[in-house]
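> 3D, please:
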Amino acid sequence: MKKILIVLAVLFVLPLFSQQKSVTLNWDSYKTLKADGFSVVVPAFLPEENFNFDLDNGVIYSNEWKTSIPVNENSVNLSNVTYQTVTIEELKGLKLSSIPSTLEYSLKNARGRKDSYAVFRLKTFVKEGNRIKRVKSFTINYTTSNSNSFRSSSSFSVTNSVLANGSWYKFEVQKSGVYILNKSFLSQLGVNVDNVDPRNIKIYGYGGMMMPYNNVANFPFDPIENAIKVVGETDGVFNDSDY
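Below you'll find the model as predicted:
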């Protein structure tokens, strides 16, 4: 009798699992945000814990959840998206320049101490021609894979820092408040004020606080632009009386 040895070839693949999360935003209020003497009123939504805002990116929905398997960052897409049309007046202090012409969102892996997370961010306003819409509801679709390649603290990584361009000068602020920066002060920093268009001056900083222990905590990775008012900038020249 012949003995036949049967060899079973087993193909191991990384399992992919489809995931979904449904989200509803309740736009029924405004939020006044204050920092160092500056305040801005912007549209706000509930749940409040998912509300986020900055001057450059506008009103953002952000969420994070624990994961046992990394997410496929390139697989994320939105479905069942509903909108609500809003007027310019309803934007309040929200800058038009912060509103994209298409939906902008991302899903990233992150690790905080012993736990792994998926971090999702969505800009909630969209421009379509002369119309401005805000997102009311949507479904997040993504897949996971059995990969161990988490990106450590990558949810807010900087791809193009503001520090990459321009001439930069650093000065210290001792305490919170409203400060006047005049021609003499800028000259002491080394700025050639006679060749500066005051309309191009920008100030960045975020208070100098310590970084949080949690790697996925919402914390700026790049300097944040501060709100300033330049008196006398209309002629494009920084005169002795300007500040």
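> Just the buried positions in stretch 173-191, please.
183, 186, 191 (16 or more other CB atoms under 10 Å). Just so you know, the C-beta spots here come from the backbone N, C-alpha and C atoms, and that holds for glycine as well.
> For the second one, give me the pLDDT.
Looking back up the chat, that one is residue 186. Per-residue pLDDT puts residue 186 at 93.
> Verify the stated contact: it with residue 194.
No: using CB atoms under 8 Å, residue 186 makes no contact with residue 194, being 10.7 Å away.
> how about the helices in the chain?
Applying DSSP state H to the chain gives helices spanning 183-188.
> Low-confidence stretches in it?
For the chain, the stretches with pLDDT under 70 are 1-17, 35-37, 113, 146-159, 207-220.
> center of it, which residue is that?
residue 57 (5.7 Å; CA atoms, centre = their mean).
> For the nearest residue to that residue once chain neighbours are set aside, give me its contacts.
Closest residue to residue 57 apart from its sequence neighbours, by CB to CB, 6 or more residues apart in numbering: residue 98 at 5.8 Å. With contacts taken as CB atoms under 8 Å, 6 or more residues apart in numbering, residue 98 has the following neighbours: 55, 56, 57, 58, 123, 125.
> likewise residue 116?
Applying CB under 8 Å, 6+ apart to residue 116 gives the contacts 66, 67, 68, 70, 109, 110, 150.
> Relative to residue 95, how far out is the residue nearest to the centre of the chain?
Distance, residue 57 to residue 95, using CB to CB, to the nearest Å: 10 Å.
> same question, residue 141
30 Å.
> More neighbours: which of the two?
The residue with more neighbours, out of residue 141 and residue 95, is residue 141; 16 against 13, by other CB atoms under 10 Å.
> now for the strand ranked longest in the chain, which elements pack on it?
For the chain, the strand that runs over the most residues, judged by DSSP state E, is strand 131-145. Judged by 3 or more CB pairs under 8 Å, 6 or more residues apart in numbering; DSSP states H and E, the packing partners of strand 131-145 are strand 16-24, strand 77-86, strand 115-123, strand 125-128.
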